[in-house]
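Enquirer: Sharing a model that was predicted from the sequence below.
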Amino acid sequence: MKKIVLQFGLMILISSGVYAQNGKIKTANKEYDNYAYIDAIKTYEKIAEKGYKSVEVLEKLGDSYYFNGKLDQAAKWYGELFAFSQDVDAEYYYRYAQSLKSIGEYEKANQMLAKFHQKNASDVRGKMYQNQTDYLEVIKRNSGRFTIDNAGISSQYSDYGSAIVGDKMVFTSARDTSGVFSKRVHTWTGESFTNMYAVTVNQDGSLSKPERFAREINTRFHEATPVFTKDGKTMYFTRNNFNNGKKGKDSDKTTLLKIYKATLEDGKWTNVTELPFNNNSYSVAHPALSPDEKTLYFASNMPGTLGQSDIFKVEVKADGSFGTPQNLGPTINTPGRETFPFVSDDNELYFASDGHLGLGGLDIFVSKPTSNGMYKNVVNIGAPANSPKDDFAFLINYTTKKGFLSSNRDGGQGMDDIYTFTENKVLQYACEQLLAGIVTDSETGAPLQKAKVTLFDANFKMLKEVTTDANGNYNFGEVDCQQKYFVKAESPQYNTREISVVIPETSGTTNLPVALDKTVKPVQTGDDLAKTFGIKIIYFDLDKWNIRPDAAVDLAKIVEVMKEYPKMKIDVRSHTDSRQTHQYNERLSDRRAKSTIAWMVKQGIEASRLTGKGYGETQLLNKCADGVPCSEAEHQLNRRSEFIIISM
């Protein structure tokens with residue numbers, strides 16, 4: 001029944017002369033359209049075996065197996081389809097690729113994915129493959145984290161899905177216990193309609209014999225995939241569109257799926273009501289609750305769905321009413337199937353998908369929300385939790401690291417089996433980075449509280465604005481790895497500063513300190529004006545005293561400061577390196593001091609406010625005295641002018 005719950009549409013079917021075969025094809029098509037895949041398969045195969053093959057017959061025969069989770073058989077018939085004609089819809093390249101993975105033919109599957117992308121370049125599934133052709137290696141890095149065993153409670157039919165209530169594990173099963181004469185078979189799977197069963201989970205992890213659960217809510221259709229509130233008094237579950245003895249149908253007269261709510265009273269489940277966002281025109285299934293039970297997640301093909309089925313969430317209000325369902329968006333949902341959501345105690349979203357890159361069929365994926373509740377990275381949880389076949393309905397206890405999942409992998413007892421697992425190693429998500437830092441006074445190093453810090457992307461679009469705390473710290477939270485950002489810090493009485501930063505590609509925290517200069521700096525006699533205002537030293541070329549163009553830019557800053565302080569007087573002190581004689585260097589430095597003063601006078605500074613002197617090589621800043629080998633850069637440090645305040 002799993003595939004019935006999973007598929008919210010996309011079903012088609014079919015049924016010795018040409019006239020007779022056309023009649024059989026019409027019959028088979030009708031069966032297919034009514035989701036009667038088992039009957040359709042029988043009819044289509046008879047047609048194909050007699051040589052009456054066509055694109056339509058082979059497509060629908062492959063689809064009938066594909067939507068029933070029998071991917072190895074789907075691969076066979078899709079293979080015949082592509083041998084017959086490659087002039088098919090692009091979607092069949094994708095389905096064939098998924099089916100090929102189920103039989104281990106990954107190289108050919110990847111060829112089909114590449115062709116799928118060529119035929120439908122806008123489909124995100126093809127784009128994901130094109131952007132990560134080494135996806136199998138990526139999945140391999142997260143493989144081997146689980147030990148997995150068959151739970152030992154499965155039948156020869158479909159057993160899947162699990163939920164915990166108290167010491168019970170409740171699951172869905174197509175095993176029929178109502179007797180041969182009353183057995184009702186679903187034509188999609190050829191199995192009984194499903195009911196819920198429960199086992200006791202003993203302290204040693206062993207499971208008791210399965211028994212029927214909540215018989216009072218059973219109908220003659222499907223009941224499946226429950227989830228319970230922590231107090232065990234409320235249950236949400238999936239059921240066919242059947243309530244109070246009436247069967248609802250869509251415009252094609254198909255009975256779809258809905259989520260219902262029941263409450264426990266005196267040991268009995270009662271007050272069964274359907275949720276208000278159900279609809280006869282689309283399916284809603286597989287409920288899951290957030291840890292705080294304020295959000296209900298589910299799968300649906302309601303309007304707004306991006307693919308065959310998507311994951312949605314809806315607010316559960318304090319009064320028991322519900323908000324408006326929201327699609328989780330294209331990070332989670334694809335044009336394929338996303339279904340069977342589960343939210344862990346750590347608020348991680350696990351779900352099954354055949355749209356994200358996987359090992360074949362449905363794979364289990366996980367995504368962790370950011371601080372703003374958005375999902376960014378989707379990660380395949382790896383083998384052996386995932387296999388080449390369908391893997392879904394993941395549930396984990398974060399305290400014990402034990403849980404359950406469902407799969408139709410090889411070696412099982414029935415169509416779908418329930419497996420137990422233990423997680424032995426933490427999942428490695430894709431790169432996760434936080435951006436944080438401290439804002440300080442550049443001179444004293446004191447932290448600046450209540451400074452405004454703004455984050456911009458590479459195109460200077462504002463992303464976030466925060467305020468520093470009492471210790472001057474700011475934190476933007478999670479940012480994208482390998483991206484360039486700009487950070488602007490502002491504080492009263494300080495110059496605004498903007499810094500760029502490139503986030504690394506490894507997980508961690510990028511620490512970005514920002515030091516701000518005061519807008520008005522205290523100066524006093526004896527200060528070096530250049531150092532006080534963060535102005536570069538005025539350098540000279542070897543054996544030259546003219547003002548270099550780059551020096552003129554910084555010297556202009558000295559002039560502007562003196563214009564702001566009209567009573568300030570400056571002593572210009574020029575220096576040389578140790579090369580040449582002392583007498584020569586003294587004359588050279590004196591020329592440099594006079595050259596500097598003359599330039600400043602031309603810029604409007606009164607000569608009476610300027611004095612100057614050359615000190616030659618008598619005040620070297622480093623070891624580069626006569627006879628000491630030094631680099632040109634080291635000698636350059638000594639060829640300088642200083643601007644000492646002698647009065648204010």
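Expert: Received, thanks.

Enquirer: Let me know whether residue 579 touches residue 634 as I believe.
Expert: No. If you go by Cβ atoms under 8 Å, residue 579 and residue 634 don't touch, sitting 11.5 Å apart. For glycine as for every other residue, the C-beta is placed from the backbone atoms N, C-alpha and C.

Enquirer: burial count for the residue nearest to residue 136 when sequence neighbours are not counted?
Expert: Nearest residue to residue 136, sequence neighbours excluded (Cβ to Cβ, 6 or more residues apart in numbering): residue 106, at 6.4 Å. Neighbour count of residue 106, defined by other Cβ atoms under 10 Å: 16.

Enquirer: okay, the spatially most central residue of the chain: pLDDT?
Expert: For the chain, the residue nearest the mean C-alpha position is residue 377 (1.6 Å; Cα atoms, centre = their mean). The score at residue 377 is 83. That number is its pLDDT.

Enquirer: which element is it on?
Expert: For residue 377, the element it lies in under DSSP states H and E is strand 375-380.

Enquirer: again, but for residue 136
Expert: Residue 136 belongs to helix 135-141, assigned by DSSP H and E.

Enquirer: List the contacts of that helix.
Expert: Contacting residues not belonging to helix 135-141 are listed as 106, 128, 129, 132, 357, 358, 359, 380, 382, 383, 386, 428 [Cβ atoms under 8 Å, 6 or more residues apart in numbering].

Enquirer: Residue 296 is in contact with residue 289, correct?
Expert: Yes. Residue 289 lies in contact with residue 296 (Cβ under 8 Å); the separation is 6.0 Å.

Enquirer: Could you check the longest helix anywhere in the chain and say which residues are buried?
Expert: Longest helix of the chain, by residue count under DSSP state H: helix 582-602. Within helix 582-602, the residues that count as buried by 16 or more other Cβ atoms under 10 Å are 585-597, 599-600.

Enquirer: Tell me the buried residues in the helix or strand following that helix?
Expert: Downstream of helix 582-602, the first helix or strand assigned by DSSP H and E is strand 610-614. Neighbour counts over strand 610-614 (16+ other Cβ under 10 Å) mark 610, 612, 614 as buried.

Enquirer: Sheet-wise, list the partners of the helix or strand encompassing residue 395 with their directions.
Expert: According to DSSP H and E, residue 395 maps onto strand 391-397. Looking at strand 391-397 with DSSP bridges, its partner strands are strand 402-407 (antiparallel).

Enquirer: Name the SS class of the residue nearest to residue 334 when sequence neighbours are not counted, please.
Expert: Residue nearest to residue 334 in three dimensions, not counting chain neighbours: residue 355, with 2.8 Å by Cβ to Cβ, 6+ apart. Classification of residue 355 by DSSP: H, G, I helix; E, B strand; the rest coil places it in coil.

Enquirer: isn't residue 355 right up against residue 331?
Expert: No. Using Cβ under 8 Å, residue 355 is not in contact with residue 331; the gap is 11.6 Å.

Enquirer: which regions of the stretch 51-200 of the chain sit below the pLDDT cut-off?
Expert: Along the stretch 51-200 of the chain, segments meeting pLDDT under 70 span 176-192.

Enquirer: Run through the helices of it in chain order.
Expert: Secondary structure of the stretch 51-200 of the chain (DSSP state H, counting those that start in this stretch): helices located at 55-66, 71-84, 90-102, 106-119, 124-131, 135-141.

Enquirer: Dump those to TSV, plus distance to residue 276.
Expert: As requested, the helices of the stretch 51-200 of the chain are arranged in TSV below (distance: least, Cβ to Cβ, whole Å):
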stretch	distance to residue 276
helix 55-66	33
helix 71-84	37
helix 90-102	33
helix 106-119	39
helix 124-131	31
helix 135-141	39
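
Enquirer: Can you say which of the ones you listed is nearest to residue 569?
Expert: helix 124-131 (65.5 Å; Cβ to Cβ).
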